[in-house]
Structures are given as C-alpha cells and as structure tokens.
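Novice: Compute the structure for the input listed below.
(one chain, ligands or ions: 1)
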Amino acid sequence: MFTTVLVANRGEIALRVMRACREVGLRTVAIYSEADRDALHVQYADAAYLVGGPAPAESYLNIERILAVAKEAGAEAIHPGYGFLSENAQFARAVREAGLIFIGPSPETMERVSGKVAARNTAQQVDVPVVPGTLEPLEDVNDAYHLAASYGYPIAIKAVGGGGGRGLRVVHTPDEIKSAFESARREAELSFKNSELYIEKYLTNPRHIEVQILGDQHGNVVAIGERDCSVQRRHQKLIEECPSPVIAPAQRAELQAAAVRFAQAVNYVSAGTLEFLYEDGQFYFLELNSRIQVEHAITEMVYGIDLVKMQLRIAQGEPLGFTQEDVRPRGHAIECRMNAEDPKENFRPGLGKITAYREPTGFGVRVDSGIYAGYTVPQYYDSMLAKLVVWGQDRPEAIARTLRALHDYTIEGVITVKPFHIAVLEHPDFQAGEVSVNFIPQHPELLANLPEQTLVPVLVADEELDMRTFKVEVNGKQFDVRVAALDEPDTAAKPRKAARKARSAQLKQQVDGVVSPLQGTLREVRVEAGERVEEGAVLFIVEAMKMENEIKAPHTGIVETIHFAPGVTVEAGSVLATYKAAS
Ligand code: MV4
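Specialist: Numbering: from 1, shown residues only. Coordinates of the predicted model:
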C-alpha cells in the first residue's frame, strides 16, 4: 500500500495523474525544472520539488535526483506519465531497487516489448497477425535484397530499436536498397544505439488503429476498445477518435482478443496500448506501448473507465474488478491536440506568452490542459499545451460538438493548430470517416487554405509585472501571498505604467520591423544596423525546441536598429530589428 505518489512529469499529464490521486485520497508530489517554476502542475500538487535545470536531461530525465526527491518527500510510488522516463526499463528497475512502486508494467515486460523483432515473434506465437516481413534482424544488405524480392516492393526497412518513424525507410525498387539500408543503419545507431534492422512489406495507405489494454497483478487482462489515430504529421498524432469508424463489433472483438493474448504472453500489468496498421479490412500488429498514452481520455469517455485511477488501483495490488463482458462502448469521442505550432509553417513550434485563455465547456466537453492566461510556454518541452476531448452520442454529434468547442476555445499570444483542427473536422473525407496515415499529405489544399495567424508584435521583451510576495497572517495561519501591482498610483508603478502606455501606442502604429514568430534563443544575427537587405534574406536564427528557425526580411529596405544581441531569449512577437522609414 502507498499513500503518496510522486509524478515524474509535467504539463497536462502531470495534472491528470494528480487529479486521479486526489480522488482516491493519495498525496501528490510534483517535480519541476527551472523552466517550470510557474507551471500549473507545481501549483496543484501537495508538495513540489525543484529537480534541476530546464533541459530534460537535467530534470525530468534525471533518475538520481527524482529518486532522491521521492525519498525526501516520503513518496512510496512514482507515476511516470507519458514520454520522459515512462518506457525506460532501467528507470522502472531503479524505482523498484529503491524500494518504491513504479506505476506501470515491470521492467522485464518493458524489455520484452521494446525490441520490435522480439515483439513480432511474440505476436506470431500467440496468433496475432503481423505485417509480412522478417522475424530476425538482417545480417547484411544482401539479406535485404533477397527478402525484398520475396515479399515484393515496396518494402519498409525498420530499426529493431525503433519507433516514431525514426530509422524507417521506404524502398520502391532494388536500386534504392543499398543507400536506404545504410542510412537507416546510421540513424538507428545514432537514435537507439542499436543498428539492427528488419524488413516488412510496406502498406501504402493504412490507418493507424490501437487497442487499449489493462492488466492487473493477478493475471487478469481486458482490452478496452480501439482508437483511430490516423490523422498525423511526421509521426505525431493530431486528432484521435474512439471508436474507429471502420471497425464493426465482430472485428473489435477479434482485435481485443488478439490484444489480450499478446498482453498475457508478456505478463502485462497496468495500462498499455497495442498499435496496429489497418488496410483492406485486415489488421497487423506493430508494437506495444508500455505507458498511458496522450489519447487515453477518448477511451475513458466512451467506456466510462478512469484509466489512470485503474493504474493506481492496480499498483496498489487490487484486482481489475470487471471482466471483458463488462466493457461496452457508448457513443463517440474525439481528441484534438492543442499544439503551439504553425500548421502553415510545417507545424513549426511557436512558443510565447499566453495573453488570453478561455476553455470551452458544456455537455460532453473535457479539456486537459497545462496552461493558463499569463503563462509563458517554455521552449524546452513538447509543444502540446492542452487536449480537447469531446464526447457525443454518435460520430456526427461528436464532430459537431468538437467544432463548437473549438470555436469556443480562446488561446491568444501563441500560434496554435486550432484552425487546422477546424479544417479537418469540416473536411468531407474526415466526416465520411475516410482517412489514412497519409491524410495530411493527400490534402495539401487543407493547409494552403488555412488563415494566417499573426502575432501582435511586441517591441521590447515583455516586461514582468511588478510582483511582490508578502507574508501575511490570516486567522492565525501564515500564507505567502503573491501580489501584482497592476494599477497603483504609487511611485514604483508609475514609470511602468507609462512604459506600457508608450508601448501600446507604438503597437497601434504597427511596427515596420522583423518579427520573431516564436520564442527561443537568438543564435545568430546576420545583419548590421544601416545595412540594406533584400526581401527573404535570412537575418536572424532563433533556436527553439532544438530546431533552428530562419527569420527572414519581410521586405527590401534599410535596417535601422537591431534590438537584440545573440544569446538572449526573444519572445514570440518580439521585433528583432526595425527598418528605416522610407523617405
Ligand atoms: C509502416 C507503414 C506501412 N507499412 N510499416 C511509421 C512509424 C512507425 N510507428 C510505423 N510507421 C509506419 N510503418 C509498414 N510495414 C506506415 C507507417 C507510417 C505511419 C504509421 C502510423 C502512423 C502514421 C504513419 C505515417 C507514415 C507511415
């Protein structure tokens, strides 16, 4: 039995886990990085501990520090959320060796499913269909030639340690094999420190369908329906729905039975997901994800099961308490991931300060979010800010309600994928349920027709409010109260107010300058004051989310002033340079 849970994560999932803990009477401990001092999960937890610098390696991936905090805070169990350490068998083992409970499957199970070839073998042994392909890693490139000829082109070369599309190469003709094999091998070695490759027949237009499972510590396993996650870009899901519009009850029973056989073969405990490709009415096992997933909430809406609470109960040693016959779907649910990305710029992450924020509400609408008005999105983490999860009696009602909720959703100050979601949900192919993993590339007009999202330029780095913390005593109890001076007539506030007024006056005139569309670190300044620049010339490099972004001259002219030096953090909307007024 445990009474205190450390949540080794951040953002909406940390909050999601803590809410479940509260409901079952568990104390919660948050960890946070230096970039997350103002994050919601820190405010929500019963206790919060700083674990290190902003980089994930220093904080949310810092196993030693996390275990030390767990000990210090009196936590007896750790929930890893998704991402970060959630599928790290070494972490799960270290948690166990520290005498704590890892809320998830055993490290032995995680190791059994992380290798893709081993997982394919397990699937084959328990009669779960896999994509035609090899059941052993390739010896060399000659293997690849022979096997490709026997399966027929196109083929996929994949990394044994792979996932998320890395190390994946599609080969259409024999003369492409050698270079695809070599580059896949290099990428696999770099990404996974495992250069082993295998081959599958490439399915050209599949859907991505996944099955939710739950297993307890007494050998009981149930499957809780499927999710259709076909609307993706660069292997990042954007829209998911439950159930899949193409799976009828008989095939659902087949998929669920296959998932349960697989889970039992690997002694699966806790929540997990089996991923399948689905084409021409057939499903093929890809991999088992040994974590709670981002999109778990649509399954919760349709099946009425709190999956995170089940994870907590299972970790306490409780039996599932229901059987496969008790698992029945009701209605339809859709999730839209609310990412701070520009869909018109290849989904480039665009961060910044949330200037206005209002969540939709009403029947069937759930928002799991990690943000609030006034929050500055840090550049170090995933660009998903929140999830909109909507339930309807049937698919058309769920689509209509999701559209309504999207229109009711205000997020200002950062560019988001909201217009993309609206366009997909209004698209006749989506409404007909006709989607595949190639949906976005197959509909270039969808992105082309989206409205431009522009940020209001901010001339200077946004000044901080005059925040002061007072220690106060109320009814004999001490509190720290953080107070923002917004409109006081006293001495300190006056110049700030004046500065703000001057700035808004400048904004109204619209600045003729070069604006950074995203928050990040200014890496390079390639222009000097007084220089004449041509439209489209790269003037600045801003790094965010480990990606370098070129900031180009919006028009030809003479640059008069450069407002920032390399190395500083600039905000979304910051004017990096201004043009000389045309005379
Ligand atoms: C495939 C495939 C077609 N045939 N394997 C991409 C990431 C990894 N999880 C598996 N992926 C794919 N494997 C065979 N044999 C097509 C994809 C694929 C894909 C899969 C799921 C969701 C989106 C995708 C986008 C492109 C390709």
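Novice: Please, which helix or strand holds residue 5?
Specialist: Secondary structure from DSSP states H and E places residue 5 in strand 4-7.
Novice: To clarify, my last question referred to residue 189.
Specialist: Per DSSP H and E: helix 177-192 holds residue 189.
Novice: Can you name every helix or strand that that helix contacts?
Specialist: The contact analysis (3 or more CB pairs under 8 Å, 6 or more residues apart in numbering; DSSP states H and E) places helix 177-192 against helix 141-151, strand 155-159, strand 169-171, strand 197-201. C-beta coordinates here come from the backbone N, C-alpha and C atoms, glycine included.
Novice: May I have that helix exported as CSV, CA atoms only?
Specialist: The C-alpha trace of helix 177-192 is given here as CSV (Å, rounded to 0.1, in the frame of the first residue of the first chain):
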residue,chain,number,x,y,z
ILE,A,177,18.1,-0.7,-51.2
LYS,A,178,21.8,-0.1,-50.6
SER,A,179,21.6,3.6,-49.7
ALA,A,180,18.3,3.1,-47.7
PHE,A,181,19.9,0.3,-45.8
GLU,A,182,23.0,2.3,-45.0
SER,A,183,21.2,5.5,-43.9
ALA,A,184,18.7,3.5,-41.8
ARG,A,185,21.6,1.8,-40.1
ARG,A,186,23.3,5.1,-39.3
GLU,A,187,20.1,6.7,-38.0
ALA,A,188,19.3,3.6,-35.9
GLU,A,189,22.7,3.6,-34.4
LEU,A,190,22.5,7.3,-33.6
SER,A,191,19.0,7.2,-32.2
PHE,A,192,18.8,3.9,-30.4
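Novice: now residue 237, nearest residue through space, not along the chain?
Specialist: Of all residues not flanking residue 237 in the chain, residue 229 sits nearest, at 4.7 Å (CB to CB, 6 or more residues apart in numbering).
Novice: Oops, could you answer that again for residue 519 instead?
Specialist: Nearest non-adjacent residue to residue 519, counting by CB to CB, 6+ apart: residue 351, 3.9 Å away.
Novice: Distance-wise, check the one you found relative to residue 452.
Specialist: 18 Å (CB to CB, to the nearest Å).
Novice: what sits against the spatially most central residue of the chain?
Specialist: Geometric centre of the chain, nearest residue: residue 384, 5.0 Å, by CA atoms, centre = their mean. By CB atoms under 8 Å, 6 or more residues apart in numbering, residue 384 lies in contact with 11, 12, 294, 337, 338, 339.
Novice: go on, residue 269?
Specialist: Contacts for residue 269 (CB under 8 Å, 6+ apart) come out as 104, 105, 106, 109, 215, 216, 217, 314.
Novice: can you give me phi and psi for the closest residue to the ligand within the stretch 301-450 of the chain?
Specialist: In the stretch 301-450 of the chain, no residue comes nearer to the ligand than residue 437, which is 3.5 Å away by CB to the nearest ligand atom. With angles defined as degrees, to the nearest 10, residue 437 sits at phi -70, psi -10.
Novice: quick one: it and residue 230 touch, right?
Specialist: Yes - with contact defined as CB atoms under 8 Å, residue 437 counts as touching residue 230 (5.4 Å).
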